[in-house]
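Asks: show me how the following folds:
(one chain, ligands or ions: 1)
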Amino acid sequence: MERYTGLIDKYRDRLPVAAGTHAVSLNEGATPLIELANLPRLLRRDVRLCAKFEGLNPTGSFKDRGMTMAVTQAVEGGARAIICASTGNTSASAAAYAARAGIACFVLIPEGKIALGKLSQAMMHGSVVIQIRGNFDDGMRLVQDAARSVPVSVVNSINPYRIQGQKTVAFEVIEALGDAPDYHALPVGNAGNITAHWIGYSESAGADTLALKLPGGMREYRRQKMVERRPIMLGYQASGAAPIVRGRPVENPETVATAIRIGNPVSWQQAVAASRESGGWFAECTDEEILHVQKLLAQTEGIFCEPASAIALAGVLKDLELGKIGAGSTIVCTLTGHGLKDPDAAIAQSAKPLTVDAELKAVERVIREYLPKS
Ligand code: AN7
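Replies: Residues are numbered from 1 along each chain as shown. Alright, predicted model coming up:
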């Protein structure tokens, strides 16, 4: 078997990349599709529930799929610096891929509102971290303005190569299941990822979509029909940052899921098109629901995702309860980022470690107390 060298090399004929272009890659993609065996049994739901664990990408989130494309094409175009606004994961990924490519990276983040793991990544990879006294939406506006006056290449998902890279997640789900699932659920922040999923599924089904149009100047590529159908797309937003659900921008978005603390998503229109074409819907979950399901997943399935990612599963469990998703369905949830990204959120909702003397008796006492009673 050939060694896996990342998603551009694997899917080059399904991506707008020239045959000779060198891929800037960290072997992203090829993440596992994990069947959730315990949760459906525990909740007495007759469904096949799978998690596409994107937290196992090289920088710990799905952003690496788009970033390998965006940075590859930025370098190909002669860029010497990239820039992004970020709630955290985009900045971590951009910083890593810029380091890999040997170019400079500027990241704009909302001061005090990004998870510790993500901040440490952006800093460690040597990007220039600019904290702004504002939120992600302010940062997004500033990045677009800055790119007009200084020579930096924007790698937010307004960069169409990002979406192209991210669509490969759908290819992998189809390969793993042998078909499209009935439902595909994911968190929605800036709305690029739901757009990308839908493009990937649509191309795989040989179908057209409003969201699919390749922007001018982008090289064409070969489409491959792999399946006969597409899933119903389910997009979930946090109640305090749910512009698409409410149908209007949110001025001061707030949620414990800081990754999706976004009030005016850039890919709003495409996401609505994707949802509508698929026969899907958008819905919201509260912070309590998000954290409850993050912990439930960690403690019943052994999968640690970040709060924003847990909303996909929280939404699905709620919509199963409401009867909006039928029995017997195959459902895939994209778990967009690793739980280690946000250790503060995890520690805040977990039992405190027990401290004892370094003596066998003390340790034994604790074990006896906590041992499952048969
Ligand atoms: C874990 O890093 O927007 O709807 O700047 O980090 O495609 O924006 C992150 C978004 C979901 C939402 N889950 O995806 C950023 C940023 C996680 C994320 C989303 C993000 P989009």
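
Asks: got the CA positions of stretch 97-110 in PDB?
Replies: Output of stretch 97-110 as PDB, limited to C-alpha atoms (Å, rounded to 0.1, in the frame of the first residue of the first chain):
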ATOM      1  CA  TYR A  97       0.700  25.300   7.700                       C
ATOM      2  CA  ALA A  98       2.500  28.700   7.300                       C
ATOM      3  CA  ALA A  99       5.400  27.300   9.400                       C
ATOM      4  CA  ARG A 100       5.400  24.200   7.200                       C
ATOM      5  CA  ALA A 101       5.600  26.400   4.100                       C
ATOM      6  CA  GLY A 102       8.100  28.800   5.500                       C
ATOM      7  CA  ILE A 103       5.900  31.900   5.100                       C
ATOM      8  CA  ALA A 104       4.600  34.500   7.600                       C
ATOM      9  CA  CYS A 105       1.200  34.200   9.300                       C
ATOM     10  CA  PHE A 106      -0.900  36.900  11.000                       C
ATOM     11  CA  VAL A 107      -3.900  36.000  13.100                       C
ATOM     12  CA  LEU A 108      -6.600  38.200  14.500                       C
ATOM     13  CA  ILE A 109      -8.400  36.800  17.500                       C
ATOM     14  CA  PRO A 110     -11.000  38.200  19.900                       C
END
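
Asks: is that stretch positioned near the ligand?
Replies: No. Legend: contact between stretch 97-110 and the ligand by CB under 6 Å from any ligand atom is lacking; minimum distance shown is 8.3 Å. Where C-beta positions appear, they are placed from N, C-alpha and C, glycine not excepted.

Asks: which residues does the residue positioned nearest the centre of the chain contact?
Replies: Nearest to the mean C-alpha position of the chain, counting by CA atoms, centre = their mean, stands residue 336 at 3.1 Å. Residue 336 is in contact with 54-55, 61-62, 89, 186-187, 193, 259, 305-306, 308-309, 312, counting by CB atoms under 8 Å, 6 or more residues apart in numbering.

Asks: and those as CSV, adding secondary structure?
Replies: Formatted as CSV, the contacts of residue 336 follow (DSSP: H, G, I helix; E, B strand; the rest coil):
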residue, secondary structure
54, helix
55, helix
61, strand
62, coil
89, helix
186, strand
187, strand
193, helix
259, helix
305, strand
306, coil
308, helix
309, helix
312, helix
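
Asks: can I get the residues you listed in CSV with neighbour count?
Replies: Shown next, in CSV, are the contacts of residue 336 (neighbours: other CB atoms under 10 Å):
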residue, neighbour count
54, 29
55, 24
61, 30
62, 31
89, 33
186, 27
187, 31
193, 28
259, 30
305, 30
306, 33
308, 35
309, 34
312, 29
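
Asks: who does whichever strand or helix holds residue 162 touch, helix- and strand-wise?
Replies: Per DSSP states H and E, residue 162 falls inside helix 160-166. If contacts are counted by 3 or more CB pairs under 8 Å, 6 or more residues apart in numbering; DSSP states H and E, helix 160-166 sits against helix 63-76, helix 192-204.

Asks: follow the chain on from the longest one and name the next helix or strand.
Replies: Stepping forward along the backbone from helix 63-76, the first helix or strand reached (DSSP H and E) is strand 81-85.

Asks: close to the ligand: what parts of the stretch 101-250 of the chain are there?
Replies: Residues of the stretch 101-250 of the chain lying near the ligand (CB under 6 Å from any ligand atom): 157, 187, 188, 189, 190, 191, 192, 193.

Asks: same thing but 8 Å
Replies: Within the stretch 101-250 of the chain, the positions near the ligand by CB under 8 Å from any ligand atom are 118, 136, 156-157, 166, 186-196.

Asks: nearest to residue 340 among those residues?
Replies: residue 118 (10.1 Å; CB to CB).

Asks: contact partners for that closest one?
Replies: 86, 88, 89, 91, 92, 341, 342.

Asks: so where's the stretch 1-150 of the chain uncertain?
Replies: Along the stretch 1-150 of the chain, segments meeting pLDDT under 70 are nowhere present.

Asks: helices along that one, start to end?
Replies: All helices of the stretch 1-150 of the chain, identified by DSSP state H, counting those that start in this stretch, fall at 7-11, 38-42, 63-76, 89-101, 116-124, 136-149.

Asks: what sits against residue 239?
Replies: 255, 284, 285, 286, 287.

Asks: so which of those residues is surrounded by the most neighbours?
Replies: residue 285 (26 neighbours; other CB atoms under 10 Å).

Asks: since we're on the residue nearest to it when sequence neighbours are not counted, how many residues are nearby?
Replies: Once flanking residues are discounted, residue 285 sits nearest to residue 314: 4.5 Å by CB to CB, 6 or more residues apart in numbering. Number of residues near residue 314 (other CB under 10 Å) recorded here: 30.

Asks: and residue 314, how far is that from the ligand?
Replies: 13 Å (CB to the nearest ligand atom, to the nearest Å).

Asks: do the same with residue 324
Replies: Distance from residue 324 to the ligand, by CB to the nearest ligand atom: 21 Å.

Asks: leaving out chain neighbours, which residue sits closest to that residue?
Replies: residue 281 (7.6 Å).

Asks: that neighbour contacts residue 234, correct?
Replies: Yes. Contact criterion CB atoms under 8 Å: residue 281 and residue 234 qualify, at 6.5 Å.

Asks: and the two? Which one has more around it.
Replies: Neighbours were counted for residue 281 and for residue 234 using other CB under 10 Å; residue 234 has more, 26 against 16.
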